[in-house]
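Q: got a predicted structure here, sequence first:
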Amino acid sequence: MLDMKLVRSNPELVKENIKKKFQDEKLPLVDEVLELDAQFRASKARGDELRQQRNTISKEIGKLMSQGKKDEAEETKKKVAAIAGELEEMERKENEMTQEIRKRMLVIPNIIDDSVPIGKDDSENVEVQRFGEPAVPEYEVPYHTDIMERFNGIDLDSARKTSGNGFYYLMGDIARLHSGILSYARDFMIDKGFTYCVPPFMIRSDVVTGVMSFAEMENMMYKIEGEDLYLIGTSEHSMIGKFIDTILPEESLPQTLTSYSPCFRKEVGAHGIEERGVYRIHQFEKQEMIVVCKPEESMDWFHKLYSYTVELFRSMEIPVRTLECCSGDLADLKVKSIDVEAWSPRQKKYFEVGSCSNLGDAQARRLGIRIKGKEGNYFAHTLNNTVVAPPRMLIAFLENNLQADGSIKIPEPLRMYMGGKDAIR
């Protein structure tokens with residue numbers, strides 16, 4: 001959510017930003033907000049004037065009563081009552097205007113960073129850098145679920161019976177590998193100085209609207225029937241929500257946390273749910289990292305965060321690249337975002353395995369996350385990034401570590417989580 005002062009002082013900047021995101025249908029919202037804000041401020045000014053009149057007249061009542069002028073005092077009381085009635089009606093309208101302004105401000109996108117490439121959708125995202133040599137072996141690399149089934153490692157048929165499409169049973173060594181990767185990612189981030197956290201897996205609606213846009217919420221979140229609770233789509237939601245309505249001392253920053261959670265997503269939209277695979281599913285697990293910091297530090301942290309994901313994947317001998325999200329591919333709250341994509345030897349292309357985002361002060365404004373500074377309080381900046389998200393990450397791992405004899409090589413950092421095995425056979 002933008003600063004109202006910015007909208008007032010530079011509405012053309014806000015409109016130009018909307019155009020850069022190819023959301024021209026939102027342009028009228030800026031003028032609507034300005035009109036409502038003008039009405040609200042005029043109403044507040046009139047309210048202040050009426051309160052001053054009421055206080056002045058109320059003092060006259062005391063004087064008239066002390067002078068024995070009861071009739072005049074009663075007439076004056078009627079004036080006070082009339083003012084009170086007008087004030088009550090004005091306060092009601094001000095509350096309505098406040099809600100209408102907020103409703104529109106929540107939809108107006110955040111100002112993107114100047115470095116973000118301009119483009120309509122993800123087809124115009126820009127490759128930044130590659131790490132490792134993408135290779136295609138001479139032998140066939142089967143579809144990822146076919147690899148898992150060779151080891152009796154996945155059961156999609158039973159999951160369809162219990163839960164429907166978009167769910168799975170992981171079994172045996174594949175299930176152990178899945179958990180081992182999460183454990184390795186947890187310890188990797190702890191070694192980077194992050195505090196490990198297991199958050200609530202359900203959050204209230206005020207936290208949901210604080211961390212994401214309405215469009216994202218509608219397409220992602222599962223609501224618990226009869227409760228003001230939603231299942232989280234990523235632990236970032238509850239981790240940022242942890243700081244709702246807090247004032248953080250400057251010396252306590254940055255807050256660097258890494259969190260484990262299951263994640264639940266509707267996956268509504270063009271991509272849909274895969275029947276055979278586990279790339280796009282309703283339920284998965286994830287290790288996340290979030291940072292709450294001073295505004296001047298957020299871009300430094302942005303570059304650190306996605307570099308950690310690159311380092312983690314390279315430690316498991318998986319080639320990756322970083323891809324800068326263009327303006328049209330950025331969610332409304334994001335200032336800047338970079339995806340990390342892993343190499344798929346089977347598809348001979350890269351695919352997304354993580355996303356790093358700088359949200360500026362957008363979430364902090366919505367949730368009331370402030371920093372106590374020497375010259376007053378100000379809003380924090382928030383960032384999030386995927387450390388690793390199996391089972392999607394398993395696709396990259398299995399394809400890149402599949403050997404000619406059909407075994408799966410276990411890179412050295414993972415062996416302690418796999419009982420010392422150097423391969424799955």
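A: Received it, and whenever you're ready, just let me know what you need. Just so it is clear, the structure is predicted and the values come from calculations on it, not from any experiment.
Q: confidence score at Lys70?
A: pLDDT recorded at Lys70 is 73.
Q: how about Lys59?
A: On the pLDDT scale, Lys59 gets 72.
Q: helices or strands up against the helix or strand harbouring it?
A: Element membership of Lys59 [criterion: DSSP states H and E] is helix 27-66. Here helix 27-66 touches helix 4-9, helix 11-20, helix 70-105, going by 3 or more CB pairs under 8 Å, 6 or more residues apart in numbering; DSSP states H and E. Quick note: C-beta positions are derived from backbone N, CA and C, even for glycine.
Q: of all those, which one is nearest Pro249?
A: Nearest to Pro249, of all the helices and strands packed on helix 27-66, is helix 4-9, at 25.0 Å by CB to CB.
Q: that closest one packs against which elements?
A: Helix 4-9 is packed against helix 11-20, helix 27-66, helix 70-105, with contacts defined by 3+ CB pairs under 8 Å, 6+ apart.
Q: for the shortest one, which outside residues touch it?
A: Applying CB atoms under 8 Å, 6 or more residues apart in numbering, the contact partners of helix 11-20 are 2, 6-7, 24, 26-27, 30-31, 34, 108-109, 111-112, 118, 327.
Q: could I get the helices and strands packed on helix 4-9 as JSON lines with distance to Tyr260?
A: Formatted as JSON lines, these follow (distance: least, CB to CB, whole Å):
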{"stretch": "helix 11-20", "distance to Tyr260": "35"}
{"stretch": "helix 27-66", "distance to Tyr260": "38"}
{"stretch": "helix 70-105", "distance to Tyr260": "33"}
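Q: state the distance from the residue lying farthest from the centre of the chain to Pro109.
A: Distance to the chain centre peaks in the chain at Gly68, reaching 66.6 Å (criterion: CA atoms, centre = their mean). To Pro109, Gly68 is 66 Å away according to CB to CB, to the nearest Å.
Q: just the C-alpha atoms of stretch 340-349, please, in PDB.
A: What follows is stretch 340-349, C-alpha atoms only, in PDB (Å, rounded to 0.1, in the frame of the first residue of the first chain):
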ATOM      1  CA  VAL A 340      15.900 -18.800  -9.400                       C
ATOM      2  CA  GLU A 341      15.500 -21.500 -12.100                       C
ATOM      3  CA  ALA A 342      17.000 -25.000 -12.200                       C
ATOM      4  CA  TRP A 343      18.200 -26.900 -15.200                       C
ATOM      5  CA  SER A 344      16.000 -29.700 -16.500                       C
ATOM      6  CA  PRO A 345      18.100 -32.200 -18.500                       C
ATOM      7  CA  ARG A 346      14.900 -34.000 -19.700                       C
ATOM      8  CA  GLN A 347      13.200 -30.800 -21.000                       C
ATOM      9  CA  LYS A 348      16.500 -29.200 -22.000                       C
ATOM     10  CA  LYS A 349      15.400 -25.900 -20.400                       C
END
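Q: one step back: right, and the pair among the contacts of helix 11-20 with maximum separation?
A: Greatest spatial distance among these (CB to CB): Leu34 and Ile118, at 25.4 Å.
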